[in-house]
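Chemist: Coordinates only, no sequence provided:
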């Protein structure tokens, strides 16, 4: 529910500031050298999200097979008031906010409960943050958006100080894209950021039937395949490579041993790929795969243990009726 008298005048632009990395973050050049020129071949998923990739992912979220966005949005809509009532934040900090699509459920709850926190979306794209923040300030006339431009994976030490109760949101099951040691380390870093009056809201996908997972990452419209193949266009543009995306196919499967979806680009024929920006040539044989993403799925026990090991106490665990998706509200110990 939005306020009844949303502004009709010229839109207010949100405030924004750049957040410098607190540690060195790997570059595309470094990741390509380390991942593509070693076996098994891999590339981090962060390079999916150029303009074309971001648009494709937004469309993927609306496909009938991709349940994750609907499941999390449903939980936020159903439990948003309880979350805001329990936390009463002065600030909402969202890590990897994107276009703040689902955050509106929390802001709706704020409007109903008369809670008026500042919203601090943190992401890498200044243009996207300003556009999304301007729209939010039009929809919620009480809202001040203070956008933070930077890479949260490059450290959180340089975040501007915020005083008073805070709610840190990490949604979208992004925690599943981290290997287990990285996920644990990241949550411990978030823990050091939070005071005793702060809260963490974490979204995570759950273990479920492999056929449901397979469909979600192999949609009938082929959008996930295009999204995956688009990273080859990123490499061509940024590193002067000459990948032929028509010589690869998208492959995604569920690994029950590691309880994770794994996404690959598979070479349909042997080929030589030249990288002007690296001064290197990549030799691929027919059937060779490049892993582009993992998406870990959690049992309830494993998810709560991950948080507890990182120094959090689980206060509320909201889950869908089929126990297929979780929102966990936790406090630092």
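Modeler: Received it, and whenever you're ready, just let me know what you need. Keep in mind that this is a model prediction, so the values were computed, not measured. Numbers count the residues shown, from 1 in each chain.

Chemist: show me where the stretch 201-333 of the chain has helices.
Modeler: Taking DSSP state H, counting those that start in this stretch, the helices of the stretch 201-333 of the chain run over residues 210-216, 223-239, 300-309.

Chemist: Tabulate those in JSON lines, adding columns for mean neighbour count and distance to residue 271.
Modeler: Where you see a C-beta, it was placed from the backbone N, CA and C, and this is true even at glycine. Putting these into JSON lines (neighbours: other C-beta atoms under 10 Å; distance: least, C-beta to C-beta, whole Å) gives the following:
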{"stretch": "helix 210-216", "mean neighbour count": "16", "distance to residue 271": "28"}
{"stretch": "helix 223-239", "mean neighbour count": "20", "distance to residue 271": "12"}
{"stretch": "helix 300-309", "mean neighbour count": "16", "distance to residue 271": "40"}
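
Chemist: Those: which one's closest to residue 42?
Modeler: The closest of the helices of the stretch 201-333 of the chain to residue 42 is helix 223-239. By C-beta to C-beta, the value is 11.4 Å.

Chemist: if we can go back for a sec, adding mean pLDDT and distance to residue 135 as columns, could you present the helices of the stretch 201-333 of the chain in CSV?
Modeler: Converted to CSV, these look like this (pLDDT from 0 to 100; distance: least, C-beta to C-beta, whole Å):
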stretch, mean pLDDT, distance to residue 135
helix 210-216, 97, 28
helix 223-239, 98, 24
helix 300-309, 97, 32
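
Chemist: Any chance of the ones you listed in TSV with distance to residue 29 as columns?
Modeler: Formatted as TSV, these follow (distance: least, C-beta to C-beta, whole Å):
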stretch	distance to residue 29
helix 210-216	32
helix 223-239	7
helix 300-309	32
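
Chemist: Indicate which one of those helices is closest to residue 129.
Modeler: Comparing these by C-beta to C-beta, helix 223-239 comes nearest, at 20.6 Å.

Chemist: Tell me the helices and strands packed up against the closest one.
Modeler: When contacts are defined as 3 or more C-beta pairs under 8 Å, 6 or more residues apart in numbering; DSSP states H and E, helix 223-239 packs onto helix 28-36, helix 51-60, strand 248-255, strand 260-267, strand 289-296.

Chemist: follow-up on the earlier one: so which of the helices of the stretch 201-333 of the chain gets nearest residue 48?
Modeler: helix 223-239 (5.6 Å).

Chemist: Can you name the residues in contact with that closest one?
Modeler: Defining contact as C-beta atoms under 8 Å, 6 or more residues apart in numbering, one finds that helix 223-239 is touched by 28-29, 32, 43, 47-48, 50, 52-53, 56-57, 59-60, 63, 66, 217-218, 241-243, 245, 248-250, 252, 263, 265, 275-278, 292-293.

Chemist: Likewise for stretch 67-84?
Modeler: 61-62, 101-102, 105-106, 108-110, 112-113, 115, 167, 171-173, 201, 203, 205, 212, 216, 316, 318-320, 324-325, 327, 329.

Chemist: Buried ones in it, by neighbour count?
Modeler: For stretch 67-84, a neighbour-count test (16 or more other C-beta atoms under 10 Å) marks 67-69, 71-76, 79-81, 83-84 as buried.
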